[in-house]
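**Student:** test case, fold it:
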Amino acid sequence: MQVMYTPEQYESLMKLVYLGNWMVNGIKISEERNKKFDTIQQRIFEDAEDAGCGNLAEFDENVKKYFPTQAFEEDAEITGVQKEYTAEIFWAELVERLAQRDFIAQYGMEKIKAMGEREHKERYSECVKRYVDEFEKNELTNLFLR
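**Tutor:** Residues are numbered from 1 along each chain as shown. Take a look at the predicted model:
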């Protein structure tokens with residue numbers, strides 16, 4: 001299959017593949033990495049030179065793999081997406097976990113299991129809303145471990 005891209009489109013494709021692989025494999029050690037995503041990234045980076053994006057990928061002779069250049073990894077679009085994603089995940093997970101903890105502590109599992117779907121949703125949403133409101137107003141200022 002032959003697909004033609006402008007250099008700008010190919011750069012966007014490289015960023016998309018890089019960010020997807022960063023999300024999937026970014027925190028994994030070598031043995032745990034999802035190899036199929038690494039393989040796709042290698043294939044896309046391998047063709048960067050022919051696509052007019054040779055300045056974005058470099059081949060390491062020692063490990064026989066392509067890597068993003070420093071300029072590519074420091075690109076404002078990439079770092080912006082990474083920062084936004086990380087921040088959104090942090091706040092969403094923090095709210096979700098604290099709300100879940102409080103919901104169970106307040107009602108207990110027996111009561112929760114006995115709730116209807118509507119009641120469950122309403123009461124759980126109240127727990128979530130408390131944290132959303134607090135963190136939107138004060139961020140982490142009032143969060144302490146005891």
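**Student:** what residue of the chain is the furthest out?
**Tutor:** Distance from the C-alpha centroid of the chain, by CA atoms, centre = their mean, peaks at Ala114 (35.1 Å).
**Student:** which outside residues touch the helix or strand harbouring Glu11?
**Tutor:** Using DSSP states H and E, Glu11 maps to helix 7-25. Residues from elsewhere that reach helix 7-25, judged by CB atoms under 8 Å, 6 or more residues apart in numbering: 5, 33-34, 37-38, 40-41, 44-45, 47-48, 51-53, 56-57, 68, 72, 75, 77-78, 81-82, 85. Placement of C-beta: from N, CA and C, glycine included.
**Student:** show residues contacting whatever helix or strand comes next after it.
**Tutor:** Beyond helix 7-25 on the C-terminal side, the first helix or strand identified by DSSP H and E is helix 35-46. Contacts to helix 35-46, defined as CB under 8 Å, 6+ apart, come from residues 13-14, 17-18, 20-21, 24-25, 56-57, 65-68.
**Student:** show me the domain layout of this structure.
**Tutor:** 7-73, 76-138 (automatic domain parsing).
**Student:** and the ones you listed, which is most packed in?
**Tutor:** domain 7-73 (a mean of 14; mean count of other CB atoms under 10 Å).
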